[in-house]
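# Dropping the sequence and predicted coords here.
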Amino acid sequence: MLKNKVTFKILFLLIICDIFETAIHFFFKKSALAQSSKAIVDIASALDFLKATFGSPYLWLGLFFVVAVFIIWSMVLTKIDLSVAVPIASFSYILIPLVSIIFLHEQITVLRWLGVFLVLIGVIFVSLSSKERLEQAK
Amino acid sequence: MKQGLLLILSLIALTSLCDTISQLFLKSAIDFLKFKPPFNIIRIFKFIFKLISNPWLWVGFGFSLISLCVWLIVLSRADLNFAFSADSMHYIFIAVASRLILKEKFTSFRWLGTGLIVLGIIFVSLS
C-alpha cells in the first residue's frame, strides 16, 4: 500500500527539512571557512584543523540542525513513503546554491546550474523507482 | 587547478563512501530489531534503548564521524554549492552496494536516475 497522501502538515514538515538541511551545510561551511587559513598537508595538520573547527559554535549549530532534521524526517516517514518524501525534500539542491550565492558570495555558471538540475532529476528518478512503487505497479 | 579538483573529488568520494557504509550499518542495526507499528511513546523509547545498545549502530556512528571530519576538510577548500552537488555521489555508491551486497533488483528507471546524477556531477565539476 503506497502511502502518498501529502497533507498540508507533512508538506510543511518537508519544507522545514529542506530549509534545515540547507542550514546544516551553511553552518558547516561557516565553521570550516573560519579555519581556512590553516593549511592541510598531512594528518597532523588535518587534526589541528578539525580540533579548531570543532571549537566553532557554527559547527555545533549545524549539528543541532542535523538532529532536528533526523527527528522531523523520521516523523514524516511514518506517515508517507520515502519515494514521495525524497522528491519534495530534494529542494535543498536548489536552496543550497541560492544560499551560496547570497550569503557566501560564490559564483555559479550556467553549466553548473545545468549539473545541479541533472543531479536533482536523477535523485527524483532514483526515489521513484523504490520498492513500494514497484509493488504498487504490479 | 586540475590536480586540486581531483583531490577534492577524491575527498568527496571518501566522505560519500563513509556515509554509505554508515547507512548500511544503521540499516542492519534497525532491521535487526524488526520494529513494527503501533508506534507509541513507550514502544519508541524501548526501541531507542535497544537501538543504542546495538554495537552495529556505534560502528555506523563511527563512520558518520569520519564522514563529517572529511566533509569539513572539503568545505574548507571547495565552494559549498559544488561540494553539495558532488556529494550526491553517495547515490552511486548506494546503487552499487545495493546491487552487489544486498543483491537488490534494479529497474531501468533507477539506472537512468543514477546515470543522470553521474552526468550532473560531471557538469558541476567541469564548471
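Here it is on my side, so go on.
# Only C-alpha atoms from now on, for both contacts and neighbour counts.
Fine.
# Run a quick neighbour tally on A:G115.
By other Cα atoms under 10 Å in any protein chain shown, 27 other residues sit near A:G115.
# Could you check how far the closest residue to it other than its chain neighbours is from B:Y91?
Leaving aside its chain neighbours, A:G115 sits nearest to B:G120 (3.9 Å; criterion: Cα to Cα, 6 or more residues apart in numbering or on different chains). Distance of B:G120 to B:Y91, given as Cα to Cα, to the nearest Å: 12 Å.
# Can you pick out the residue with more neighbours from those two?
B:G120 (28 against 20).
# which stretch of helix or strand covers the residue most central in space within chain A?
With distances taken as Cα atoms, centre = their mean, the residue of chain A nearest its centroid is A:E21 (3.9 Å). Element membership for A:E21, per DSSP states H and E: helix A:8-33.
# again with B:L14
With DSSP H and E as criterion, B:L14 is part of helix B:2-33.
# Next up, the contacts around A:P57.
A:S31 (Cα atoms under 8 Å, 6 or more residues apart in numbering or on different chains).
# One more pass at 6 Å, please.
By Cα atoms under 6 Å, 6 or more residues apart in numbering or on different chains, no residues touch A:P57.
# Ok, A:S92 next?
A:S92 neighbours (Cα under 6 Å, 6+ apart): A:18, A:22.
# For A:I24, see how far away it is.
Taking Cα to Cα, one finds A:S92 at 11 Å from A:I24.
# for A:I40, helix, strand, or coil?
Following DSSP: H, G, I helix; E, B strand; the rest coil, the label given to A:I40 is coil.
# Now the residue nearest to it when sequence neighbours are not counted: which helix or strand?
Spatial nearest neighbour of A:I40, excluding adjacent residues (Cα to Cα, 6+ apart): A:A46 at 5.3 Å. Assigned by DSSP H and E, A:A46 belongs to helix A:43-54.
# Which positions in that helix come out as buried?
A:46, A:49-50, A:53 (16 or more other Cα atoms under 10 Å in any protein chain shown).
# where does chain A come near chain B, residue by residue?
Counting by Cα under 6 Å from any Cα of the partner chain, the residues of chain A close to chain B are A:29, A:32-33, A:36, A:97, A:112, A:115, A:118-119, A:122, A:125-126, A:129.
# so how many other residues sit close to B:F47?
The burial count for B:F47: 16, using other Cα under 10 Å.
# Next, it: secondary structure please.
helix.
# before we move on, what about A:V6?
coil.
# gap between it and chain B?
Counting by Cα to the nearest Cα, to the nearest Å, the separation of A:V6 from chain B is 20 Å.
# burial count for that residue?
Every residue meeting other Cα under 10 Å relative to A:V6 is counted, giving 16.
# try the one 10 residues further on
For A:I16, the number of neighbouring residues by other Cα under 10 Å comes to 17.
# Next one: it relative to A:A23, how far apart?
10 Å.
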